[in-house]
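Chemist: Task: produce atomic coordinates for the following.
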Amino acid sequence: MRIAVLVPAPDYPEPWAWAYDIEADALRSAGAEIEPVAWTESGDLSAFDLVLPLVAWGYHLDYPRWLAFLERADSERLPLLNPPALLRWNGDKAYLAELGDKGVATVPTLAVESCCDADLEEARRRFATEWLVIKPPVSASATGTHRLGPADDLPEDSRGKPMIVQPLIEEIARTGEFSLMLFGGEFSHAVVKRPKSGDFRVQPHLGGVTLPSEPPPGGIALASQALAAAPAKAAYARVDIVPDDEGTLRIMELELIEPALFLDHAPDSGAAFTAAILSAARKATA
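Modeler: Numbering: from 1, shown residues only. Presented below is the predicted three-dimensional model:
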């Protein structure tokens, strides 16, 4: 089986081989032929049995181009996994409000089209808190994410732009954020990500640390419920979960496009990942 793994544009500034190599090696171990293809310069993909956007980092920096690629995948019936409809839905974090409306315990989310001071006041009233987090609905790596206290002004890079507004979950600083990996809908392994002292962002480039972990009690059931509410089945998924300040588990994000899957922490060294990908590929090409 010949598989294209979408990777960043040639001028993407962050190192990405650490994520690509472990996933590609897991697939190669099952006999697949793997080729990295920049998602911005993908060209003709008809020779591939499967196209995986696993390392399509930077899509949020040129989102119209990414949406155009998904439209092309639909029109050309590219064997894209996860499927285009799911990737399109997952690209805008406003899906969190949709999940909440379906009864999935998510971090409460207010999606606004043109963020202003009145939106912050509405969020403080709705969430009964003076502390908020705001972020662009299409983003990655905590880009454009801000923590706002009761006396903080709306940052200029957020004013008048689409944003999502959430209550600050202070428990992240103590417990951390759990990431559960599910392949073919089945739980594989988990890690916990913790921010550096004084921060609320867990990304490594901001000083966060990632450690192997058991899933929190009830976490697998919540992850499965969230994935069942998505518009299509996910062959691979990372579900980020946090306990709120009352101890209730909530979905922070569903990562269904290009998540780090931490296969180095998988007890089976990625065998479940490989089996799920190849099984879905065979069904798609049958």
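
Chemist: From now on I want contacts and neighbour counts done on CA atoms only, so please keep to that.
Modeler: Will do.

Chemist: any idea what sits nearest Met1, other than its immediate chain neighbours?
Modeler: Ala32 (4.9 Å; C-alpha to C-alpha, 6 or more residues apart in numbering).

Chemist: Secondary structure element for Phe47, which one?
Modeler: Small correction: residue 47 is Ala, not Phe. Of the helices and strands defined by DSSP states H and E, none includes Ala47.

Chemist: which residues touch it?
Modeler: Contacts for Ala47 were tallied using C-alpha atoms under 8 Å, 6 or more residues apart in numbering; they are Arg2.

Chemist: any low-confidence regions in the stretch 1-150 of the chain?
Modeler: Within the stretch 1-150 of the chain, the set of residues satisfying pLDDT under 70 comprises 141-142.

Chemist: hey, where'd the helices end up in the stretch 151-286 of the chain?
Modeler: For the stretch 151-286 of the chain, the helices defined by DSSP state H, counting those that start in this stretch occupy 219-228, 271-285.

Chemist: doesn't Ile3 make contact with the residue nearest to Met1?
Modeler: Yes: in terms of C-alpha atoms under 8 Å, Ala32 counts as a neighbour of Ile3; the distance is 6.9 Å.

Chemist: Please say which of the two ends up with more neighbours.
Modeler: Each of Ala32 and Ile3 has its neighbours counted (other C-alpha atoms under 10 Å); Ile3 has more, 24 against 17.

Chemist: On the pLDDT front, check the nearest residue to Ser269 once chain neighbours are set aside for me.
Modeler: Closest residue in space to Ser269, ignoring its immediate chain neighbours: Leu263 at 6.1 Å, by C-alpha to C-alpha, 6+ apart. If you check Leu263, the pLDDT there is 95.

Chemist: who wins for proximity to Asp44 among the helices of the stretch 151-286 of the chain?
Modeler: For Asp44, the closest of these is helix 271-285, at 17.7 Å, according to C-alpha to C-alpha.
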